[in-house]
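Participant: no sequence on this one, just coordinates:
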């Protein structure tokens with residue numbers, strides 16, 4: 001068993017009050033805060049050094065090279081241990097009734113080709129699971145949850161192309177009522193029953209990840225209210241027996257900067273949607289300063305053990321104030337999105353972080369087609385030339401990775 005994070009020290013708390021009725025987005029779920037209310041009083045520090053190889057491979061092995069079957073899908077620069085993770089989150093809601101396994105594999109190749117064109121060396125596949133309500137003891141794979149077998153086919157395509165791979169279950173919020181809050185607020189009536197149900201759900205996916213030599217399995221995503229529960233110890237112990245790569249947890253940004261992330265893992269990602277109160281015309285420098293102010297609430301200086309596991313912003317006016325707003329459809333402004341990507345990439349390098357995964361591409365979409373702004377999420381970046389240019393510049397930088405002291 002790998003060593004675990006120590007109990008994390010408590011730092012002074014910064015409290016943020018918001019104006020009545022202002023949408024405030026936590027993760028991908030907007031919450032309306034009343035005047036005078038504050039973020040939860042939570043604090044955290046950096047994960048401890050890990051005894052697991054940084055590349056997430058099994059101890060004593062090296063990162064896998066692309067197989068001969070990869071053919072034209074070989075990336076220009078195959079990811080190896082110590083490199084930054086320059087990646088994209090692929091979100092997959094499956095349609096098993098109409099999409100064949102062969103189609104799924106071809107679609108994975110299309111996505112891989114697009115990511116290669118961006119210069120990415122990493123990919124994270126997020127997939128939904130479901131629950132009945134915020135107090136339910138049960139979780140399950142629904143009609144849109146890819147099966148482990150279909151995920152294996154997709155992960156193999158990405159692995160053969162030379163990408164570093166992550167697999168990440170994330171609770172779908174469609175069944176939650178407004179009074180339930182969002183996935184970070186769930187309070188199962190019986191936590192022991194919830195963890196037993198969750199373990200039953202994720203175990204086949206851990207096996208699929210192990211079979212495809214996936215580098216990282218994210219054992220939980222944005223589950224603020226369940227962080228620190230003893231149930232995670234048993235779950236992670238079981239996961240480590242099934243999966244030989246690295247086990248990670250992806251925290252939501254609010255808990256990261258103001259809270260204690262007490263999870264029995266050695267690898268921490270942050271789904272980062274820090275609001276920055278600047279106008280749409282703000283230069284990149286102001287966006288960098290805004291991110292640094294948020295990160296400094298946690299720790300100043302470098303953050304070599306922290307991964308930006310998810311970041312993005314809407315290509316629209318006013319997006320800097322609520323980067324994770326998935327629902328608004330204000331006037332399109334692609335420069336807002338492109339400048340945000342440039343700023344976040346600069347922060348990752350200056351703070352010597354592990355890398356960044358941009359949110360997101362829907363697996364079934366054609367990434368080469370511009371989004372239909374009448375219906376698509378403003379957070380979509382594929383097909384937006386200015387945003388793609390910023391991502392390519394980020395991924396082409398000479399940043400050598402965390403701990404190297406080299407930035408572009």
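Facilitator: Thanks, I have it. Please read all numbers here as calculations on a predicted model, not as lab measurements. Residues are numbered from 1 along each chain as shown.
Participant: For this structure, which segments are assigned as helices?
Facilitator: 101-118, 148-160, 191-211, 231-242, 253-258, 284-296, 334-350, 385-395 (DSSP state H).
Participant: Would you single out the least confident of these?
Facilitator: When the helices of the chain are compared on mean pLDDT, helix 253-258 scores lowest, with a mean of 94.
Participant: For that helix, which residues meet the burial criterion?
Facilitator: By neighbour count on 16 or more other Cβ atoms under 10 Å, the buried set for helix 253-258 is 253, 254, 255, 256, 257, 258. For every residue, glycine as well, the C-beta is placed using N, CA and C.
Participant: got it, and stretch 312-329?
Facilitator: By neighbour count with 16+ other Cβ under 10 Å, stretch 312-329 contains the buried residues 312-316, 319-326, 328.
Participant: Low-confidence ranges, this structure, go.
Facilitator: 1-74, 76, 404-408 (pLDDT under 70).
Participant: counting residues per strand, which one in it is longest?
Facilitator: Longest strand in the chain, counting residues (DSSP state E): strand 122-131.
Participant: Mind listing the strands it pairs with, and their directions?
Facilitator: strand 85-91 (parallel), strand 139-140 (antiparallel), strand 164-171 (parallel) (DSSP bridges).
Participant: Would you reformat those as JSON lines and include mean neighbour count and distance to residue 347?
Facilitator: Shown next, in JSON lines, are these (neighbours: other Cβ atoms under 10 Å; distance: least, Cβ to Cβ, whole Å):
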{"stretch": "strand 85-91", "mean neighbour count": "25", "distance to residue 347": "14"}
{"stretch": "strand 139-140", "mean neighbour count": "18", "distance to residue 347": "34"}
{"stretch": "strand 164-171", "mean neighbour count": "25", "distance to residue 347": "21"}
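Participant: So for residue 352, which of those strands sits nearest?
Facilitator: Nearest of those to residue 352, taken as Cβ to Cβ: strand 85-91 at 13.0 Å.
Participant: Also compute the angle for that closest one relative to helix 385-395, please.
Facilitator: On the basis of axes from the mean of the first three to the mean of the last three Cα atoms, to 10 degrees, strand 85-91 is oriented at 140 degrees to helix 385-395.
Participant: ok, back up a step: with distance to residue 364 as new columns, can the buried residues of stretch 312-329 be given to me in a markdown table?
Facilitator: Putting those into a markdown table (distance: Cβ to Cβ, whole Å) gives the following:
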| residue | distance to residue 364 |
| --- | --- |
| 312 | 18 |
| 313 | 23 |
| 314 | 21 |
| 315 | 20 |
| 316 | 23 |
| 319 | 25 |
| 320 | 30 |
| 321 | 31 |
| 322 | 27 |
| 323 | 24 |
| 324 | 22 |
| 325 | 23 |
| 326 | 17 |
| 328 | 23 |
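Participant: of these, closest to residue 231?
Facilitator: Residue 231 lies nearest to residue 324 out of the buried residues of stretch 312-329, by Cβ to Cβ, at 27.2 Å.
Participant: The closest one contacts residue 273, correct?
Facilitator: Yes: with contact defined as Cβ atoms under 8 Å, residue 324 counts as touching residue 273 (3.4 Å).
Participant: who's in contact with the closest residue in space to residue 146 that isn't next to it in sequence?
Facilitator: Using Cβ to Cβ, 6 or more residues apart in numbering and skipping residues adjacent in sequence, the residue nearest residue 146 is residue 94, 4.1 Å away. Residue 94 is in contact with 104, 127, 144, 145, 146, 147, 150, 363, counting by Cβ atoms under 8 Å, 6 or more residues apart in numbering.
Participant: can you tell me which of these lies nearest to residue 236?
Facilitator: residue 127 (19.7 Å).
Participant: Pull out the buried positions in stretch 238-248.
Facilitator: So for stretch 238-248, counting by 16+ other Cβ under 10 Å, buried means 239, 240, 243, 244, 245, 246, 247, 248.
Participant: what sits against residue 227?
Facilitator: 251, 255, 259, 260, 261, 262, 263.
Participant: Of all the helices of the chain, which one comes closest to residue 167?
Facilitator: helix 191-211 (4.8 Å).
Participant: What is that closest one packed up against?
Facilitator: Helices and strands touching helix 191-211, by 3 or more Cβ pairs under 8 Å, 6 or more residues apart in numbering; DSSP states H and E, are strand 139-140, helix 148-160, strand 164-171, strand 216-221, helix 231-242.
Participant: Hey, what's the angle from the longest one to strand 85-91? Just curious.
Facilitator: Relative orientation of helix 148-160 and strand 85-91, computed by the same axes, to 10 degrees: 150 degrees.
Participant: Can you name the residues in contact with helix 148-160?
Facilitator: Outside helix 148-160, the residues touching it (Cβ under 8 Å, 6+ apart) are 64, 66-67, 69-70, 73, 92, 94, 96, 101, 104-105, 108-109, 112, 123, 125, 127, 146, 165, 167, 204-205, 207-209, 211-214, 363.
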